[in-house]
Every structure is written in structure tokens, then in C-alpha cells.
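**Q** Quick one, fold the following:
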Amino acid sequence: QSQFVESGGGLVQPGGSLRLSCAASDFTVNSYAIGWFRQAPGKEREGVACISGSGGSTKYADSVKGRFTISRDNTKNMAFLQMNSLKSEDTAVYYCAAVIFQSLDYASLFPGPFNYWGQGTQVTVYS
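**A** Numbers count the residues shown, from 1 in each chain. Prediction:
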């Protein structure tokens with residue numbers, strides 16, 4: 001059973017924007033680092049963005065820097081990914097995930113340590 005529920009995916013033209021949301025269903029996200037990952041058909045899952053447990057550190061894949069912004073709202077037990085200037089190569093299933101790192105200021109784009117995952121939401125950028 002997924003611990004996160006993602007929403008906000010859909011169809012968008014190149015240059016458009018989407019805002020993805022993920023809500024934790026059965027745990028409190030405080031102190032958890034939250035990451036957004038994506039997987040396109042035939043490709044490995046890759047890290048897109050991560051925000052540390054403290055919220056003070058973020059990390060982005062080079063391919064999305066300057067276009068995507070990760071944020072969190074612990075009061076709502078949610079995290080978000082604002083995606084602007086979307087490109088066709090951003091087409092993928094997007095997942096959010098959470099993990100507690102030893103440091104609350106640590107963020108990582110490597111999916112291995114993340115142990116709470118959502119079911120994913122499809123983002124399709126088409127022209």
C-alpha cells in the first residue's frame with residue numbers, strides 16, 4: 001500500500017507548467033527528506049529534486065535546475081513540485097518518496113535509501 005498519494009499530473013504542451021502534489025497517508029512527514037523521482041518508458045528511475053528534512057537544503061537534477069522547484073508544507077503533511085518550462089523529455093511517471101537521513105539538512109537524488117513511496121502520477125508533455 002502506497003504511503004504517498006501523488007496528484008497534479010496530466011497533459012501539457014512544451015513550455016507549459018504543472019504543479020505536482022503528494023500527501024502522506026499514514027505517517028507524518030516532519031523530519032523526512034522528500035524526493036521527487038521520475039521514470040520514463042525504458043529508462044531507469046531518476047532523481048529530480050529533493051528537499052531535506054529541515055527544509056533548508058534542496059537538490060535538483062541538472063536537467064531541471066531553474067525550471068522545477070520543490071517545496072514542502074509540514075502543516076498539511078504534503079510536498080510539491082512546481083514544474084515550469086516543461087519539455088518533451090520531462091514526460092514520465094513522477095513519484096514522491098520519503099526517508100529520514102541522519103542529518104536533517106541532507107538531500108539526495110539517489111532513490112535507494114527512500115523507503116516510503118507513492119503510486120506515481122503521469123506527466124506527458126506533447127506538441
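
**Q** can you confirm Glu89 is in a helix?
**A** Yes: assigned with DSSP: H, G, I helix; E, B strand; the rest coil, Glu89 falls within a helix.

**Q** ok, it touching Ser63?
**A** Yes: the pair Glu89 / Ser63 is scored as a contact, 7.4 Å apart, by CB atoms under 8 Å. C-beta here means a position set from N, CA and C on the backbone, and glycine is covered the same way.

**Q** list the contacts for Thr28?
**A** Asn74, Asn77 (CB atoms under 8 Å, 6 or more residues apart in numbering).

**Q** in a strand, that's where it is, yeah?
**A** No: looking at Thr28 with three-state DSSP, it is coil, so not inside a strand.

**Q** Could you check how far it is from Pro113?
**A** Note on Thr28: its distance to Pro113, by CB to CB, to the nearest Å, is 19 Å.
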